[in-house]
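1. sequence plus predicted model, see below.
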Amino acid sequence: MVHRFTGGRTIAVGRATPLRHMFLNHNFRRRSMLQAGATLISTGLTMSTPISGAQAAPASADAFNSLRKSPRLPVLFLGHGSPMNAIEDNSYRRSWQALGAEFGVRYPLPQLILCVSAHWLTRSGWWLTAMEQPKTIHDFGGFPKALFDQQYPVPGAPASAREIAQAVRQPVSAAALGLDAQEWGLDHGTWSVLKPMFPQADIPVIQLSMDYSRPPGEHFLLGQQLKALRERGVLIVGSGNIVHNLRVIQRDAAPHQTYDWGLEFDSRTTDLLEKGDLAALTDFQHWGPVAKQAHPTHEHFLPLLYAAGAVDTKEAPRFFNTSFQAASISMRSVIWG
């Protein structure tokens, strides 16, 4: 049984309660790379252009010479929630550890991980990390030293990044993806989930940024182009949250507690995923008042569109971590394949 907070209950935006030890300080949350004009934009933007059945051709698998052919890997969307999940002994971290253990047993071991995190937002295009050794970014504030001490020293994959940048094209402009060899690295949306999954830190990781100035449909179209990478040993991971509203968190809420609007938005998303109506996810900003309540800013929903774009509509989703954190963060996660 889900216990809900009434949708009409008001909690002051910016109220200084539980953020210090649980969720991100907004002054830190919006960092972005400074390279070549790829700058962060205001969180006040709202773009909503449905894709109306448009399809993007997957990149050709033959374009990836640095990656061996492999059995098809699954696609993941992981609800990452609080950065503290990376170090606390809780059900979320344990689920990521268990999922990582399935690779090499149930699933092939990845040659490379391509992660789309809610915390790397750019404008004027999409970018890939292309450094040999991506740094661990602590893009948050007010947390214990133990969290800032975390490092995830995985190698990068510059050669693969260059190939992907040429084979996967930016929607509309068809330009190559940008390559960042210096500025970014791995933000907590990436390392907080991958470190519990693959603690040996021996699988190369590339991050793909999200151009936050572009409508949701274009994010889905770019995700469709990533599909061929699954047959070249690449594990595609979207890291965000299906519901994410830090303005009304309830620190002491139980995992089965949420708001009416949180439950409605999470349920509607789940229904589309179960039906395989994945393109319809791009219309989420038109779902009425619950859309803005679930996502005052929508960067945490966008990684789901990349993951959904990279799967076939007939691939059945498997859900886990179907609870809420602090009442207004859906931790629902999905694996396809």
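-> On my side now, so go ahead.
2. Three-state assignment for residue 72, please.
-> coil (DSSP: H, G, I helix; E, B strand; the rest coil).
3. so it sits right up against residue 231, yeah?
-> Yes: with contact defined as Cβ atoms under 8 Å, residue 72 and residue 231 form a contacting pair (5.3 Å). C-beta coordinates here come from the backbone N, C-alpha and C atoms, glycine included.
4. distance of residue 300 from residue 159?
-> Separation of residue 300 from residue 159 (Cβ to Cβ, to the nearest Å): 31 Å.
5. when the two are compared, which one has more neighbours?
-> residue 300 (26 against 14; other Cβ atoms under 10 Å).
6. number of nearby residues for the residue nearest to residue 107 when sequence neighbours are not counted?
-> Spatially, and ignoring its direct neighbours in sequence, residue 107 is nearest to residue 74 (5.7 Å; Cβ to Cβ, 6 or more residues apart in numbering). The tally of other residues near residue 74 (other Cβ under 10 Å) stands at 24.
7. please report phi then psi for residue 74.
-> With angles defined as degrees, to the nearest 10, residue 74 sits at phi -70, psi 180.
8. I'd say it and residue 334 touch.
-> No: using Cβ under 8 Å as the test, residue 74 is too far from residue 334 to be in contact (9.9 Å).
9. need the overlap of contacts for these two.
-> Common neighbours of residue 74 and residue 334 (criterion: Cβ atoms under 8 Å, 6 or more residues apart in numbering): none identified.
10. hang on, the earlier thing: which residues touch the residue nearest to residue 107?
-> For residue 74, the contacting residues are 107, 230, 235, 335-337, by Cβ under 8 Å, 6+ apart.
11. could you measure from the residue lying closest to residue 326 once chain neighbours are set aside over to residue 327?
-> In this structure, residue 326 finds its nearest non-sequential neighbour in residue 249, 4.0 Å apart by Cβ to Cβ, 6+ apart. Applying Cβ to Cβ, the value for residue 249 to residue 327 is 6 Å.
12. can you check residue 87 too?
-> 22 Å.
13. hang on, residue 304 in a helix?
-> Yes: assessed with three-state DSSP, residue 304 lies in a helix.
14. that one: neighbour count?
-> Residues contacting residue 304 under the criterion other Cβ under 10 Å number 30.
15. SS state for residue 97?
-> helix.
16. list the contacts for it?
-> Shown in contact with residue 97 (Cβ under 8 Å, 6+ apart): 196-197.
17. and the residue nearest to residue 326, what pLDDT?
-> pLDDT, residue 249: 97.
18. that one reaches residue 324, doesn't it?
-> No: using Cβ under 8 Å, residue 249 makes no contact with residue 324, being 10.0 Å away.
19. so for the two, which sits in the more crowded spot?
-> residue 324 (28 against 21).
20. show me where this structure has its helices.
-> 26-29, 91-101, 145-148, 158-167, 188-197, 216-225, 260-275, 289-294, 302-309 (DSSP state H).
21. leaving out chain neighbours, which residue sits closest to residue 298?
-> Spatial nearest neighbour of residue 298, chain neighbours left out: residue 285 (6.9 Å); criterion: Cβ to Cβ, 6+ apart.
22. which regions of this protein sit below the pLDDT cut-off?
-> Along the chain, the model assigns pLDDT under 70 to residues 1-58, 60-61.
23. hmm, 90 instead?
-> Residue ranges of the chain with pLDDT under 90: 1-66, 124.
24. the residue nearest to residue 222 when sequence neighbours are not counted - how many residues pack around it?
-> Using Cβ to Cβ, 6+ apart and skipping residues adjacent in sequence, the residue nearest residue 222 is residue 171, 5.7 Å away. By the criterion of other Cβ under 10 Å, residue 171 has 21 neighbours.
25. residues contacting residue 171?
-> With the criterion set at Cβ under 8 Å, 6+ apart, residue 171 makes contact with 56, 214, 218, 221-222.
26. at 10 Å what do you get?
-> By Cβ atoms under 10 Å, 6 or more residues apart in numbering, residue 171 lies in contact with 51, 54, 56, 126, 211, 214-215, 217-222, 224-225.
27. show me which of those is closest to residue 180.
-> Nearest to residue 180 among the contacts of residue 171, counting by Cβ to Cβ, is residue 126 at 10.6 Å.
28. for the closest one, grab the count of nearby residues.
-> Residue 126 has 25 nearby residues by other Cβ under 10 Å.
29. going forward, count from 8.
-> Happy to do that; since the first residue is 8 now, the last one works out to residue 133.
30. pretty sure it sits against residue 182.
-> Yes: if you go by Cβ atoms under 10 Å, residue 133 and residue 182 touch, sitting 9.1 Å apart.
31. joint contacts of the two?
-> Shared contacts of residue 133 and residue 182, defined by Cβ under 10 Å, 6+ apart, comprise 172, 176.
32. distance of the residue nearest to residue 305 from residue 284?
-> Computed as Cβ to Cβ, the residue 292 to residue 284 distance reads 16 Å.
33. residue 203 too?
-> Where residue 284 is concerned, residue 203 sits at a distance of 31 Å (Cβ to Cβ).
34. between these two, point out the one with more neighbours.
-> More neighbours surround residue 203 than the other of residue 203 and residue 284, with 20 against 12 (other Cβ under 10 Å).
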